[in-house]
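Sharing a sequence plus its predicted fold:
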Amino acid sequence: MLRWMLITALVLPASIRAETLIFSEYSYLRHLGSVEEVPVYRVVTDALARVGYDYEVRFAPVKRAIYQADSGGSDGLLFQPYRLKEQYPNLVRVEYQLFSTSIYLYADNKPRAYDICKQRIGMLSGYEQIAIQLSDMFNCDKPIQPFYAKYLHQLNNMMQGGRLDWISAPEALEQYLSAQRQTPLYRLEESDINISIYMYLSARNHHLAKPIAQALEQTYHELGITSDKFPFSNYPERK
């Protein structure tokens, strides 16, 4: 299991930095880049420092990452969809949106014709809700039954080998997908599913949800930015 230490950008006295929060996160999110390259990591670092915490991210396959947070094996999850709480009531959502992002269908080149309801779609484990939304979006007579995989490169290899017609993936990982390929990647614009991303805490940390939400709001406000599509913009200087 990979382990990534993220050190607070704000230097605080040791007496204030009381402890380190351990967040579980999906393995494929390590492909987003380092803390210096991904602005939203730096916002989280800043906001948690306001309430006296450092944090670490421990990457794991999707279901294991969620199980660790839901069972109290970690302190929470960093970047999860708003509706995750419907499936895992033990998790406590921090009620301030970190960012919004889009999930698209990707294919080898531009297909001449396609019927999404009848084609082979691959997606990462944990994306069950996306499959339901795609079925509704394309008015399928019966629910889409995708192939689920733990890792994005598995899906990429399957599509390049002709075993999948489409991959469902976050826009943030499009560059990573493209870099692993010999052929151009086609994005189906009409498959856009926009999701709001939030931080979640394990039940034992429920008391931190409100102060962290307030700290996130203060951080965004001071920076003069909104959380819409924020991961893909530059991190501005403080005012």
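Perfect, I can see it now. Numbering: from 1, shown residues only.

Can you give the distance of the lengthiest helix in the chain from its chain's centre?
The longest helix of the chain (DSSP state H) is helix 209-223. Here the centre of helix 209-223 is set off from its chain's centre by 19 Å, with CA atoms, centre = their mean, to the nearest Å.

ok, now how distant is residue 145 from residue 121?
Computed as CB to CB, to the nearest Å, the residue 145 to residue 121 distance reads 9 Å. Just so you know, the C-beta spots here come from the backbone N, C-alpha and C atoms, and that holds for glycine as well.

same question, residue 75
Using CB to CB, residue 75 is found at 34 Å from residue 121.

The most centrally placed residue in the chain: which element?
With distances taken as CA atoms, centre = their mean, residue 79 lies nearest the centre of the chain, 4.4 Å away. Residue 79 belongs to strand 76-81 when assigned by DSSP states H and E.

Tell me which other helices or strands that strand touches.
strand 19-26, helix 62-70, strand 185-201 (3 or more CB pairs under 8 Å, 6 or more residues apart in numbering; DSSP states H and E).

Name the surrounding residues that touch it.
By CB atoms under 8 Å, 6 or more residues apart in numbering, the residues outside strand 76-81 that reach it are 21, 23-25, 29, 40, 44, 57, 65-66, 69, 84, 91-92, 98, 129, 195-202, 205.

Partner strands of that strand, with direction?
Within its sheet, strand 76-81 is paired with strand 19-26 (parallel), strand 185-201 (antiparallel), according to DSSP bridges.

What residues of the longest one count as buried?
To tie it back to what came earlier, the one meant is strand 185-201. For strand 185-201, burial by neighbour count (16 or more other CB atoms under 10 Å) applies to 185, 187, 188, 191, 193, 195, 197, 198, 199, 200, 201.

wait, which of the residues you listed is closest to residue 212?
For these, the closest approach to residue 212 (CB to CB) belongs to residue 199, at 6.9 Å.
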